[in-house]
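Novice: sequence? don't have it. structure:
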C-alpha cells in the first residue's frame, strides 16, 4: 500500500473518526523534535488484524477512546487480498467461513459484506502411491477420501475423537478428563496407538495438518487437537472432526465477497485516524495507574492495553515489569505453524467443465491439498494450494522459479491435464517470511504446553489483556476465533474502565 493510498484509506469513515478523536498528552510545542508523538487514550490496542480491530470497534461503540497500533503498512493481519485483475482478488491468507462461525459472518454483515459458496461442484482427486481416485464429497466421509486401505481408520478414529470431545471444556482444555495424559502425547502417537493401518493413516493425516495448522501430526499435542476439534462448533453445536475438515457443511463452505481482508479494511476505515499503520510496538510498561505503550512513532498513555497478536510475537515486546513466568514460558512453547499458499491463475476455471471441484488431496509435496480459489463468477480461474509443515521447510528456501515449476508440474500430474502448466499468472505467499506473522495460519501447542501454562493464554496481566485467534475458545486458528477473542477482550476491558 502506498503512502498516498494509506492516507486515503485512513481518511475513510471520517464521521466515526471525529467521534473517536484522541486527545494528545502534550501539545505540538511540547513534543521533542523527531521524537515519538505522545497520545492519550482510554485503551491502546496492539495489532490491526481481525482480533484487534474487533476489540477496538467494540470499545469505541461503548464510548471509550481507542488507538490501534499496527506494525504493518496495512490492516488485516493474517488475511490478505491479492489483486488478480479486473478489480477481482484471490485471498493469500485466511478466507473460509462455515456453519457455526457466526461471529465473523455477523461482523462481515455489519460492514456491508456477504458470503458466497466456495466452489464444490463435481469430483475431488485423491492420489496416494498407486491410488488415483476421483470422488464426491457428498458421501458419508465428506472431504476424506474413500481409500479402501484407510477407510476403516478414517471412520473409526474420527468417530472416536468426536466422542472424546463431547462436553469438552473448550475454554479450559487443561481441565478436561485425562488432560495430562493427552497433553503428554502427540496426534501421531495417539493415532499409531489406535489405528489399524497406522503408517497409512498417519501418511494421509500429514497433508491435512500441514494445511490446517502448518505442522505435522507429530508436532501437535493431542490435547491441543481435541481442543481444536471441540472448538469447531459454537455454544449450541458441539464441535466435530468432520466439520473441521469439510467444505460442504464444514469450515471451508463459504468465502467473503470482495475477499476477507476487506472486513478489516472497512472496520479500520470507520475507526479512521485511531488506526496507526507502520507503528510496531516496542514496549509496554504498566503501573498501578495506567500503561505506556511505546513505538518508534508514538507513545500512548492509556488505562488498559489489548495485545492482539500471536503469542510468539507478543513475546517480542519488552514488558516492564516482566511478565509472569507462566505467560513467558507459554509463549516460548506456542510456536507458529509454517504455511505458504501458492496460487496459479488461468483465463478460465477450465477444470469445472471437466466436472472437477479443483480440490485434491495427496501424500507428498510440494502441495498436499488444493482448492478452487476463483472469484464468485469463476473468471479468472484460480487454483490455490497449501505448502505446510515439512513441505514448507523443504520448498520455502528454494528459488521462486523452481518452486513455481514444481507446483505447476504437480497440478498437471495430479489432474492429468497439461493446461495447468501454463497459467496467466502465479503468486505465492510464505507466511514464515512475514516479519509481523513469522508463520501461519496459527500458533500451535506442543505437548505439555496447555496443562502446564494454558491459563496464561487469556488471563490478564495487570492492565494487559490478550486477544488473537489462538486465545479463542471456539474456532481458534480461524477468522471467527479472532473476532470472538476481540469481543471477549473488549468485554473484559469495558468492565474495568
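Specialist: Good, I have the coordinates. Please read these numbers as outputs of a predicted model, since none were measured by experiment. Numbers count the residues shown, from 1 in each chain.
Novice: quick one: the residue lying closest to residue 419 once chain neighbours are set aside from residue 359, how far?
Specialist: The spatially closest residue to residue 419, leaving aside those adjacent along the chain, is residue 350, at 6.1 Å (Cβ to Cβ, 6 or more residues apart in numbering). All C-beta atoms are positioned from the backbone trio N, CA, C, and that covers glycine. Here the distance between residue 350 and residue 359 works out to 15 Å (Cβ to Cβ, to the nearest Å).
Novice: next one: residue 324
Specialist: As for residue 324, its distance to residue 359 is 45 Å (criterion: Cβ to Cβ).
Novice: So between these two, which is more surrounded?
Specialist: When residue 324 is set against residue 359 and neighbours are counted by other Cβ atoms under 10 Å, the residue ahead is residue 359, at 23 against 15.
Novice: How about the secondary structure of the more buried one?
Specialist: For residue 359, the assignment made with DSSP: H, G, I helix; E, B strand; the rest coil gives strand.
Novice: which ones are touching it?
Specialist: Applying Cβ atoms under 8 Å, 6 or more residues apart in numbering, we find residue 359 in contact with 120, 124-125, 137, 143, 247, 369-372.
Novice: mind putting those in TSV, pLDDT and secondary structure included?
Specialist: Compiled in TSV, those are given as follows (pLDDT from 0 to 100; DSSP: H, G, I helix; E, B strand; the rest coil):
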residue	pLDDT	secondary structure
120	95	coil
124	96	strand
125	96	strand
137	82	coil
143	72	coil
247	91	coil
369	96	strand
370	97	strand
371	97	strand
372	98	strand
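Novice: most surrounded residue in those residues?
Specialist: If you rank the contacts of residue 359 by neighbour count (other Cβ under 10 Å), residue 370 sits at the top with 29 neighbours.
Novice: For the closest residue to that residue other than its chain neighbours, list the residues it contacts.
Specialist: Computed as Cβ to Cβ, 6+ apart, the closest residue to residue 370 that is not its neighbour in sequence is residue 385, at 3.9 Å. Neighbouring residues of residue 385 by Cβ under 8 Å, 6+ apart: 341-343, 366-371, 407, 411.
Novice: Secondary structure element holding residue 385?
Specialist: If you go by DSSP states H and E, residue 385 is part of strand 381-388.
Novice: Report the strands that pair with that strand, each with its relative direction.
Specialist: According to DSSP bridges, strand 381-388 forms sheet pairs with strand 339-346 (antiparallel), strand 369-372 (antiparallel).
Novice: what pairs with residue 96 across the strands?
Specialist: Listed beta-bridge partners, residue 96: residue 255 (assigned using DSSP bridges).
Novice: Just give me the neighbour total for it.
Specialist: Other residues within reach of residue 96, judged by other Cβ under 10 Å, total 22.
Novice: so residue 73 makes contact with residue 280?
Specialist: No. Because the distance of 10.8 Å does not satisfy Cβ atoms under 8 Å, residue 73 is recorded as not touching residue 280.
Novice: These two: which has the busier surroundings?
Specialist: For residue 73 against residue 280, the residue with the higher neighbour count under other Cβ under 10 Å is residue 280, and the figures read 18 against 13.
Novice: Mind checking which of the contacts of residue 385 are buried?
Specialist: Buried by 16 or more other Cβ atoms under 10 Å: 341-343, 366-371, 407, 411, out of the contacts of residue 385.
Novice: Of these, which is the nearest to residue 486?
Specialist: Closest approach between the buried ones among the contacts of residue 385 and residue 486, by Cβ to Cβ: residue 341, at 23.9 Å.
Novice: ok, now how distant is that closest one from residue 208?
Specialist: From residue 341 across to residue 208, the span is 16 Å (Cβ to Cβ).
Novice: tell me the contacts of residue 149?
Specialist: Contact partners of residue 149, counting by Cβ under 8 Å, 6+ apart, are 131, 197, 200.
Novice: Pretty sure the second one sits against residue 150.
Specialist: This points to residue 197. Yes. Here residue 197 reaches residue 150: they are 6.2 Å apart, a contact under Cβ under 8 Å.
Novice: So between the two, which is more surrounded?
Specialist: In this comparison of residue 197 against residue 150, neighbours counted by other Cβ under 10 Å, the higher total goes to residue 150 at 22 against 15.
Novice: Who are the contact partners of the more buried one?
Specialist: Contacts here follow Cβ under 8 Å, 6+ apart; on that basis residue 150 touches 197, 200-201, 204.
Novice: Spatially nearest residue to it (excluding sequence neighbours)?
Specialist: In space, not counting the residues next to it along the chain, residue 150 is nearest to residue 200; the distance is 5.2 Å by Cβ to Cβ, 6+ apart.
Novice: count of neighbours near the one you found?
Specialist: 17.
Novice: Quick check: phi and psi at it.
Specialist: When read as degrees, to the nearest 10, the backbone of residue 200 gives phi -70, psi -50.
Novice: could you measure it against residue 410, distance?
Specialist: Using Cβ to Cβ, one obtains 21 Å as the distance from residue 200 to residue 410.
Novice: okay, who's weakest in the contacts of residue 149 by pLDDT?
Specialist: Ranked by pLDDT, these bottom out at residue 197, which scores 89.
Novice: What are the phi and psi values at that residue?
Specialist: phi -110, psi 80.
Novice: secondary structure class for residue 68?
Specialist: Following three-state DSSP, we place residue 68 in the strand state.
Novice: give the contact list for residue 241.
Specialist: Contacts for residue 241 (Cβ under 8 Å, 6+ apart) come out as 158, 161-162, 229, 232.
Novice: From these, pick the one nearest residue 105.
Specialist: Distance to residue 105 across the contacts of residue 241 (Cβ to Cβ) is lowest for residue 232, with 15.2 Å.
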